[in-house]
Every structure is written in structure tokens, then in C-alpha cells.
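Student: Structure of the sequence below:
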Amino acid sequence: MLILPKKKAIFYHVYKVAGSSIRNALLPYGSKTQIYGQYINHIMTVARLPKSSNPLLAYHPKLADVKTKMGVSFYNHYRFAFVREPLDWQKSLYFFMQKKAHLPGNKRVADMTFDEYLTWRMEHELRHQTDFLYDDDECLVNDIFHLETIDEDFKKLTEKLDIETTLPHLNKAGSGKKVEISDNVLDRFRRLHQVEYERLGYPLP
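Tutor: Below you'll find the predicted structure:
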């Protein structure tokens, strides 16, 4: 998450949705205090030392927690996020977790097929992108942009914010890689993600 003070805007960074690229492009307009605090908090996390519980100092807090922390001023900001097709999001997470040995769950996921990974997710750690962007039924962002049209959408965003910046492409995981999914796992995934697809504006796979 990144606050852009002079633009009265908040970028919510959904992980594995080109967030590093978008954040890098927006950094010159970001809050220096927040950026520094997030960096320190990240170092503390990696070192397994006590860190701040302030959601503004987290890279991926729930936006509902940010709303609570900021109070009325939260709604005075233009809020936006980028998302990706939910099954493709899980594919990216799958390859990312396999690649990053330091991540929690790496050893568990390392030898799983994608089918096994999705089953594990759905049974033990079901996650939706809207978990971060919604507070019950309230969508906390003004605009939801899509990874699939990122160049076009990012251009719209820069025009809306009246800024000049370019979008680097960083930290790709799973791009171009194919996975196999059994019919029964895909059916279960559809059922558990139906609302997610509706809220994010994607057709069910």
C-alpha cells in the first residue's frame, strides 16, 4: 500500500498483481515517511524481531484496517487497486511460493502439483483478492484496474492523477507456464470463488 499525499490518493498493492512495478512507478509521489517506515517494518519482519502493528506500515494490510486507522480522512482519498483473474492469481502464487525458499509454506508447496496446491488452498488457506479490498459488502476502492489490460489501465490512472511516470515490469512468476487442473478441483474452485469473480468483473473459468 502506498499513500500519495499530494494527490490525495491511496494505491492498494494486491500481491502478485504487478504491484512492485506499479509501486516503483508511483514511489516519487509517495509519502517518504510511510516508505521509510514500511522498509524498517519489513526488515524487522525478515529478522523475526518485533514490528509495528500500524497497518500503514505494512505492504499488504487489509484495507478495512487502513480505513480504521485513517478514520474520516480515508474517504477523502482516491483509492485504487489492480487485480488479476483469480485462477491466474493462484497460479502466480503457486510458482512464486515454489521459487522462494524463505516463504512460509515453501516446503509444503514445493513438491505439489497445481491441482494439489489448489486443493490445499481451498481446504486450509482460502484467499481472495477481495479479502483485502472489501469490508464485508463495502468495496473500499474507487477503481479496480486489471492486470490483463495493465498498460491501458495504467495510462488511464496516470491521466486521472495527473502524473508522468512509466511502468517497469518486475518480479514475474509463472508467466507463460502451463498447469493442469482436474474437473472436480476446477468445479470446486468456481463455487468458492463465484462472488470473487463477480466483484472483480471476470467471467468464471
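Student: only C-alpha atoms for contact and neighbour calcs from this point on.
Tutor: OK.
Student: Check which residues of stretch 4-18 are buried.
Tutor: 4, 9-18 (16 or more other CA atoms under 10 Å).
Student: Which ones among the residues you listed map onto strands?
Tutor: 4, 9-12 (DSSP state E).
Student: Can you add pLDDT and distance to residue 72 and give those back as CSV?
Tutor: Shown next, in CSV, are these (pLDDT from 0 to 100; distance: CA to CA, whole Å):
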residue, pLDDT, distance to residue 72
4, 98, 17
9, 98, 14
10, 98, 14
11, 98, 17
12, 97, 18
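Student: Point out where this protein drops to low pLDDT.
Tutor: 100-107, 169-176 (pLDDT under 70).
Student: Point out the other helices and strands that the top strand by length along it packs with.
Tutor: In the chain, with assignment by DSSP E, the single longest strand is strand 78-83. Identification of packing neighbours for strand 78-83 by 3 or more CA pairs under 8 Å, 6 or more residues apart in numbering; DSSP states H and E yields strand 9-12, strand 143-146.
Student: Can you name the element that comes right after the first one?
Tutor: Past strand 9-12, further along toward the C-terminus, the next helix or strand under DSSP states H and E is helix 19-26.
Student: and which of the ones in strands among the buried residues of stretch 4-18 is nearest to residue 181?
Tutor: Nearest to residue 181 among those is residue 12, at 30.2 Å by CA to CA.
Student: and the closest residue to the closest one other than its chain neighbours, what does it touch?
Tutor: Once flanking residues are discounted, residue 12 sits nearest to residue 1: 4.5 Å by CA to CA, 6 or more residues apart in numbering. Contact analysis of residue 1 by CA atoms under 8 Å, 6 or more residues apart in numbering lists 10-13, 56, 58-61.
Student: Format the ones in strands among the buried residues of stretch 4-18 as a markdown table; extra columns: distance to residue 156.
Tutor: Shown next, in a markdown table, are those (distance: CA to CA, whole Å):
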| residue | distance to residue 156 |
| --- | --- |
| 4 | 17 |
| 9 | 15 |
| 10 | 16 |
| 11 | 14 |
| 12 | 17 |
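Student: From the contact counts, what lies against the longest helix seen in the chain?
Tutor: Using DSSP state H, we find that the single longest helix of the chain is helix 183-200. Contact partners of helix 183-200 among helices and strands, from 3+ CA pairs under 8 Å, 6+ apart: helix 86-99, helix 114-124, helix 130-133.
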